[in-house]
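A.B. asks: Please find the sequence and the predicted model below.
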Amino acid sequence: MARRLLIIVHEALFFTSHRLPIGLAMRDRGWEVHVAAPADPAVQARLAALGITMHPIPLTRGGMNPWAELKLVAALYALIRRIDPVLVHHVSLKPVLWGGLASRLARVPAAVHAITGLGFLFTIGAGRESAKLRLLRAIVQRLYRFSLRHRNSLAIFQNPDDLALFESFGMVRPAHWRMIKGCGVDMQAFPARPEPAEEPPVAMFPARLLGDKGVNEFVAAAEILRKEGVPARFVLVGRRDPDNPTDIGEEKLQGWIESGLVEYWGYSTDMAGTLAKANLIVMPSYREGLPRGLIEAAATQRAIVTADVPGCREVVRHEQTGLLVRVRDAADTAQAMRRLLLDKAERARLAANGRAMAAAEFSVEHFVAESLKVYGAVLQPIGVEL
């Protein structure tokens, strides 16, 4: 049986930032590695130079247009039949739903499903749901049940809360899962850096500019602190995501910038260097799988303020590596930011603890080793050597 691995992801850049070390590890073991993602010629060329083949697929991240999703399932099924992989790894919502379906239909020998977060359908607050959203969530739950029931598969969860939710709805079979917290950070690429000496200190929001990521609470907290006269600069680092229902929109972003309330540094291709320019990292997200941005911040030795929600509290231990605040609460976020912006010694204590935690629990070497164990567990029953 030819040793071919296919990894299906929702975005090519996501593969290079979050899953490339696994692809390289499998390549080095003699596997033929393929990646399926929406077209990105630059990433495709980079992967080709590394000996990894990328296949463009018609995946749109936002919305659930029935015809578009059927087209995606058909494309994934055709790709799987053409490549004939022994193992398919589906990463994030649509790849798990539709790739999992295609893999079952194509009778792939082994499958792995990575649940990297629950997305908009599961993070919208009580009382804010429409009947359409409730119906869509019910459909997605049923799709998960089907896609995750491949006869020889395991699901990877990043935090116990997501696992508990999937189990409560019967979306994952008992014992057919593994827990791997995060996707690893290269501790050498994200070394500990001293805080910038310039005043005033910089409070940075390093994530996509989405309501679900807590960007509105960050900006509202910045406004509170500005009115109180707390000396600080408030910086947004990240890109908009128009395909996401909670994208803030260009008009709101420009309004924030023109008001002078926040600075917008755009999307960074050098997060290690960008994080080093901050004194405090703030991301009051509504829910995460396990946010890589917070692990990178901890590795860079920065104190963190984030919401006390699934995923975020796996990285930030309250009063140890940062401060946890109430979700959707700008005033509580502002209070935590104020405390750390005005107390350099406390920031340093939390930051040092965060760096030690990142090295002990979230190194890329640990992530790759644990991921390969999952691969081995589904390959062993079919007699394929890892």
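C.D. replies: Noted; the coordinates are in hand.

A.B. asks: Now do residue 85 against residue 72, distance only.
C.D. replies: Distance, residue 85 to residue 72, by Cβ to Cβ, to the nearest Å: 17 Å. Using the backbone N, CA and C atoms, a C-beta is placed for each residue, glycine as well.

A.B. asks: More neighbours: which of these two?
C.D. replies: Comparing residue 85 with residue 72 by neighbour count (other Cβ atoms under 10 Å), the higher total belongs to residue 85, at 25 against 22.

A.B. asks: So that one is in contact with residue 108, correct?
C.D. replies: Yes - the criterion here is Cβ atoms under 8 Å, and residue 85 meets it with residue 108 at 6.4 Å.

A.B. asks: shared neighbours of those two, anything?
C.D. replies: The overlap between the contact sets of residue 85 and residue 108 (Cβ atoms under 8 Å, 6 or more residues apart in numbering) is empty.

A.B. asks: quick one: low-confidence parts of this structure?
C.D. replies: By pLDDT under 70, the low-scoring segments of the chain are 1, 62-63, 119-129.

A.B. asks: rerun that using 80 as the cut-off
C.D. replies: 1, 61-64, 117-134, 136-137 (pLDDT under 80).

A.B. asks: per the record, what domains does it have?
C.D. replies: 4-184+363-382, 202-361 (automatic domain parsing).

A.B. asks: Tell me which of these sits most buried.
C.D. replies: domain 202-361 (a mean of 20; mean count of other Cβ atoms under 10 Å).

A.B. asks: Span of that one from start to end?
C.D. replies: End-to-end distance for domain 202-361, by Cα to Cα, to the nearest Å: 27 Å.

A.B. asks: Check stretch 152-164 too.
C.D. replies: End-to-end distance of stretch 152-164 (Cα to Cα): 21 Å.

A.B. asks: Strands along the stretch 51-200 of the chain, start to end?
C.D. replies: In the stretch 51-200 of the chain, the segments counted as strands under DSSP state E, counting those that start in this stretch are 53-56, 87-91, 110-115, 153-157, 177-179.

A.B. asks: could these be laid out in JSON lines, adding distance to residue 169?
C.D. replies: Below are the strands of the stretch 51-200 of the chain laid out as JSON lines (distance: least, Cβ to Cβ, whole Å):
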{"stretch": "strand 53-56", "distance to residue 169": "32"}
{"stretch": "strand 87-91", "distance to residue 169": "19"}
{"stretch": "strand 110-115", "distance to residue 169": "13"}
{"stretch": "strand 153-157", "distance to residue 169": "13"}
{"stretch": "strand 177-179", "distance to residue 169": "14"}
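
A.B. asks: Which one of those lies nearest to residue 208?
C.D. replies: The minimum distance between residue 208 and the strands of the stretch 51-200 of the chain falls on strand 87-91, with 16.9 Å, by Cβ to Cβ.

A.B. asks: helices or strands up against that closest one?
C.D. replies: strand 4-8, helix 100-105, strand 110-115, helix 364-379 (3 or more Cβ pairs under 8 Å, 6 or more residues apart in numbering; DSSP states H and E).

A.B. asks: possible to save those as JSON lines with distance to residue 43?
C.D. replies: Shown next, in JSON lines, are the helices and strands packed on strand 87-91 (distance: least, Cβ to Cβ, whole Å):
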{"stretch": "strand 4-8", "distance to residue 43": "13"}
{"stretch": "helix 100-105", "distance to residue 43": "22"}
{"stretch": "strand 110-115", "distance to residue 43": "19"}
{"stretch": "helix 364-379", "distance to residue 43": "19"}
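
A.B. asks: Any idea which of those gets closest to residue 196?
C.D. replies: helix 364-379 (26.1 Å).

A.B. asks: residue at max distance from the center of this protein?
C.D. replies: In terms of distance from the mean C-alpha position of the chain, residue 229 ranks first, at 34.5 Å (Cα atoms, centre = their mean).

A.B. asks: contacting residues around the closest residue to residue 361 other than its chain neighbours?
C.D. replies: The spatially closest residue to residue 361, leaving aside those adjacent along the chain, is residue 181, at 6.8 Å (Cβ to Cβ, 6 or more residues apart in numbering). Applying Cβ under 8 Å, 6+ apart to residue 181 gives the contacts 158-159, 290, 314, 361-362.

A.B. asks: let's go with 7 Å and repeat that
C.D. replies: Shown in contact with residue 181 (Cβ atoms under 7 Å, 6 or more residues apart in numbering): 158-159, 290, 314, 361.

A.B. asks: Same question for residue 203.
C.D. replies: When contacts are counted by Cβ under 7 Å, 6+ apart, residue 203 touches 232, 234, 280, 282, 337, 341.

A.B. asks: Partner strands of the helix or strand hosting it and their direction?
C.D. replies: Assigned by DSSP states H and E, residue 203 belongs to strand 202-206. Next to strand 202-206 in the sheet, as set by DSSP bridges, lie strand 233-237 (parallel), strand 280-283 (parallel).

A.B. asks: Now tabulate the contacts of residue 181 in TSV and tack on distance to residue 9.
C.D. replies: Below are the contacts of residue 181 laid out as TSV (distance: Cβ to Cβ, whole Å):
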residue	distance to residue 9
158	15
159	20
290	16
314	22
361	24
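
A.B. asks: Residue 199 versus residue 267, what's the distance?
C.D. replies: According to Cβ to Cβ, residue 267 and residue 199 sit 27 Å apart.

A.B. asks: Would you map the helices across the stretch 201-350 of the chain?
C.D. replies: Assigned by DSSP state H, counting those that start in this stretch, the helices in the stretch 201-350 of the chain fall at 215-228, 250-259, 271-275, 292-299, 312-315, 330-341, 344-361.

A.B. asks: so which of these gets nearest residue 163?
C.D. replies: The nearest among those, by Cβ to Cβ, is helix 312-315 at 11.9 Å.

A.B. asks: by contact count, what packs against that closest one?
C.D. replies: helix 292-299 (3 or more Cβ pairs under 7 Å, 6 or more residues apart in numbering; DSSP states H and E).

A.B. asks: re earlier: nearest to residue 67 among the contacts of residue 203?
C.D. replies: Distance to residue 67 across those (Cβ to Cβ) is lowest for residue 282, with 40.5 Å.
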